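In: pasting the sequence and the predicted coordinates here, then a few questions.
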Amino acid sequence: MQNLRELPRVVWVLAAGRFVTSASAFLMLFMVLYLTGPRGLHVVTAGVIAGLNGVGALLGNITGGRFGDRHGHRRVLLLTSSLVGVLTMPPR
């Protein structure tokens, strides 16, 4: 078994990107509660936001491999994870 510190940097970058993606999916429930509670949005509006997140995840799964093969998996994962983080932030 290889020591974790000896793993290539790309493995750490991909693992960090996967962590951000998984955390984003988990936090969607709490984001809906936040939007309907303190932010005062209607339930339907919060549902549409959650639905758009689901559509984005579906499209990302369908097209992710193609973009990864074409532009490099590390680059695509870093770009999309950053984009999801920025787009998930609620407006002030």
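Out: The structure has been received and is ready for your questions. Numbering: from 1, shown residues only.

In: state the pLDDT value of Arg66.
Out: Per-residue pLDDT puts Arg66 at 90.

In: list the contacts for the residue most central in space within the chain?
Out: Residue closest to the average C-alpha location in the chain (Cα atoms, centre = their mean): Thr21, at 3.6 Å. Thr21 makes contacts with Thr80, Ser81, Val84, as judged by Cβ atoms under 8 Å, 6 or more residues apart in numbering. Quick note: C-beta positions are derived from backbone N, CA and C, even for glycine.

In: how about a cut-off of 6 Å?
Out: By Cβ atoms under 6 Å, 6 or more residues apart in numbering, the contact set of Thr21 is Ser81.

In: work out for me the element it sits within.
Out: Thr21 belongs to helix 9-36 when assigned by DSSP states H and E.

In: and the residue nearest to the centre of the chain, how far is that from Leu35?
Out: From Thr21 across to Leu35, the span is 20 Å (Cβ to Cβ, to the nearest Å).

In: what about this structure, any weak spots by pLDDT?
Out: Under the criterion pLDDT under 70, the flagged ranges of the chain are 1-2, 88, 90-92.

In: returning to what we had before: just checking, what packs against the helix or strand following the helix holding Thr21?
Out: Going down the chain from helix 9-36, the next helix or strand is helix 43-71, by DSSP H and E. In this structure, helix 43-71 makes packing contacts with helix 9-36, judged by 3 or more Cβ pairs under 6 Å, 6 or more residues apart in numbering; DSSP states H and E.

In: for the helix it packs on, buried residues please.
Out: In terms of neighbour count (16 or more other Cβ atoms under 10 Å), helix 9-36 has its buried residues at Val13, Leu14, Gly17, Val20, Thr21, Ser24, Met31, Val32, Leu35, Thr36.
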